[in-house]
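Asks: quick one: sequence and predicted model below, then my questions.
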Amino acid sequence: MYTSLFDAVFADSFFSPMRTVYVVSDSQLEEIKLKQRQEELDNLEASRKRLEKTYQSRIKIIDEREHELQEELKALAPGEKTPELSTEETEKCDVKD
């Protein structure tokens, strides 16, 4: 007897859904959960360390740039402030109507 093309396609294991079921004891399940939680904790700790390292690196770059800008501002600022005019000099400069 011949099978239809439709039956041949869906009978092929490539297209049919395959489910794998594992049967484990309660103690094995607890071990698996424990291992998964430990891996998650390790990943979180590693992520925290990477973030802290990146943060410290960025802070260092910002501090260096801030220092450079402060030095540039000092270099661009005039050396001495102009002396204030005495009252006699200001009276001479007053505009009279």
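Replies: Alright, I've got the coordinates.
Asks: what ranges of the protein fall below the confidence cut-off?
Replies: Along the chain, segments meeting pLDDT under 70 span 1-3, 5-17, 79-97.
Asks: and the strands in it?
Replies: Using DSSP state E, the chain contains no strands.
Asks: please state the backbone phi and psi of Arg19?
Replies: Main-chain dihedrals, Arg19, degrees, to the nearest 10: phi -120, psi 140.
Asks: likewise the one 3 residues further on?
Replies: With angles defined as degrees, to the nearest 10, Tyr22 sits at phi -110, psi 140.
Asks: and it, how many neighbours?
Replies: Per other CB atoms under 10 Å, the neighbour tally for Tyr22 reads 7. To be clear about C-beta, it is placed using only N, CA and C from the backbone, and glycine gets the same treatment.
Asks: Arg58 too?
Replies: 10.
Asks: would you mind measuring from it to Glu64?
Replies: Distance from Arg58 to Glu64, counting by CB to CB, to the nearest Å: 11 Å.
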